[in-house]
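S.K.: just a sequence and a predicted model for now, questions to come.
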Amino acid sequence: LEIERKQIAREQASIAERDAEIEALKYRLEAGQRAEAAAERGDLRHLLQQALAEAEEANRDRKQAQQEAHRWRTIAERNMEQASTWRIEAETRAREAHEAR
C-alpha cells in the first residue's frame, strides 16, 4: 500500500511537472505572440509615419509647384500685355507711315 502511494505521488508529481511545463510553454507562446504583434504594430506605425512624411513632402511639393505655376502665369500675362502694347504701337506706326505716304 505504501509503495502504491509513493508510485501515485510520483505520478502526480510528474503530471504536475508536465502541467507546469505546458503552462510555461503557453506563457512563452503568448508572450512571443504579444511581442510579434507589438513588432507588427511598430512596423505598421513606422510605415504609417513614413507614409505621412511622404504625404507632407508631396503637399509641400504641390504648394511649391502651384507657386511656380502662378509665377509663370503672371510672367506670361505680363508678356502678353507687352506683346499687345507692341502690336498696337506697331499698327499705329504702320498706319501713320501709310498715311504719311
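M.R.: Cool, got the structure. For clarity, every value in this text was computed on a predicted model and none was experimentally measured. Numbers count the residues shown, from 1 in each chain.
S.K.: tell me the mean pLDDT for the helix or strand hosting residue 34?
M.R.: Using DSSP states H and E, residue 34 maps to helix 2-100. Per-region confidence: helix 2-100 scores 89 on mean pLDDT.
S.K.: from residue 25, how far out is the residue nearest to the spatial centre of the chain?
M.R.: The chain has residue 51 as the residue nearest its centroid, 0.4 Å off, counting by Cα atoms, centre = their mean. In this view, residue 51 and residue 25 are 38 Å apart by Cβ to Cβ, to the nearest Å. Every residue, glycine included, has its C-beta placed from N, CA and C.
S.K.: ok so, going back, how near is the residue nearest to the centre of the chain to residue 14?
M.R.: 55 Å.
S.K.: same deal with residue 89?
M.R.: Counting by Cβ to Cβ - residue 89 and residue 14 are separated by 111 Å.
S.K.: just residue 66 next, same as before
M.R.: Applying Cβ to Cβ to residue 66 and residue 14 gives a distance of 77 Å.
S.K.: check residue 69 too.
M.R.: The value you get for residue 69 to residue 14, if Cβ to Cβ is used, is 81 Å.
S.K.: same deal with residue 95?
M.R.: Distance, residue 95 to residue 14, by Cβ to Cβ: 119 Å.
S.K.: equivalent analysis for residue 28, please.
M.R.: 21 Å.
S.K.: kindly report the same for residue 46.
M.R.: 47 Å.
S.K.: and what of residue 41?
M.R.: According to Cβ to Cβ, residue 41 and residue 14 sit 40 Å apart.
S.K.: next one: residue 90
M.R.: Taking Cβ to Cβ, one finds residue 90 at 111 Å from residue 14.
S.K.: and what of residue 56?
M.R.: 62 Å.
S.K.: next, count neighbours for residue 23.
M.R.: Using other Cβ atoms under 10 Å, residue 23 is surrounded by 10 other residues.
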